[in-house]
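>>> below is the sequence, then the predicted model.
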Amino acid sequence: MDSIPTGAFTLIATLVGVLGAFAVQRFVAFRAASAKFRTAVIGELGALYPHVGQWPSDIDAFLRRAFPNLQVAVAEFSESLPKRRRAEFLAAWHAFHCDTGRAVDSQVYHHYMPFHSNSNPQATFQANVARLLAFARET
């Protein structure tokens with residue numbers, strides 16, 4: 001029985017090393033992007049997440065002020081996600097800032113306002129933020 005020729009072994013070892021280095025690099029980049037995203041979200045929404053301090057009387061204005069910075073953080077972080085998860089993440093982002101289900105709408109925060117049919121808007125807010133942050137889980 002012949003052993004693996006030295007050249008083939010070297011080629012296989014090099015290929016495994018390169019793929020391993022690539023995987024480590026992607027993992028490190030994802031960890032950094034996740035930390036940056038979590039920091040941005042908590043920086044903008046920390047008064048309301050993970051624990052609601054004082055719910056703003058005008059949640060619409062509060063979220064509209066936070067939106068530009070959150071939108072930048074979302075755009076940057078989405079690039080670090082595998083393509084198969086990116087669409088799910090962007091759907092979660094859309095659910096956070098728009099309750100109509102229409103892709104053309106932006107910044108419709110009715111789902112965070114207390115109406116008769118929406119008895120616990122804070123729970124909806126907490127769930128939507130948690131869903132976003134789940135994509136940036138700590139590794």
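Cool, the structure landed.

>>> what comes into contact with stretch 119-128?
Applying C-beta atoms under 8 Å, 6 or more residues apart in numbering, the external contacts of stretch 119-128 come out as 48-50, 52, 55, 59, 92, 95-96, 111-114, 118. Using the backbone N, CA and C atoms, a C-beta is placed for each residue, glycine as well.

>>> pLDDT and secondary structure added to these, as a markdown table?
Output for those, formatted as a markdown table (pLDDT from 0 to 100; DSSP: H, G, I helix; E, B strand; the rest coil):
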| residue | pLDDT | secondary structure |
| --- | --- | --- |
| Leu48 | 96 | coil |
| Tyr49 | 95 | coil |
| Pro50 | 92 | coil |
| Val52 | 88 | coil |
| Trp55 | 92 | coil |
| Ile59 | 96 | helix |
| Ala92 | 95 | helix |
| Ala95 | 92 | helix |
| Phe96 | 95 | helix |
| His111 | 92 | helix |
| Tyr112 | 94 | helix |
| Met113 | 92 | coil |
| Pro114 | 87 | coil |
| Asn118 | 82 | strand |
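
>>> closest to Thr39 out of those residues?
Using C-beta to C-beta, Tyr49 comes nearest to Thr39 of the contacts of stretch 119-128, at 12.8 Å.

>>> isn't that closest one up against Ile42?
Yes: counting by C-beta atoms under 8 Å, Ile42 is a contact partner of Tyr49 at 7.0 Å.

>>> so the two - more neighbours on which side?
A side-by-side neighbour count of Tyr49 and Ile42, using other C-beta atoms under 10 Å, places Tyr49 first with 19 against 14.

>>> end to end on stretch 98-116, go ahead and measure it.
19 Å (C-alpha to C-alpha, to the nearest Å).
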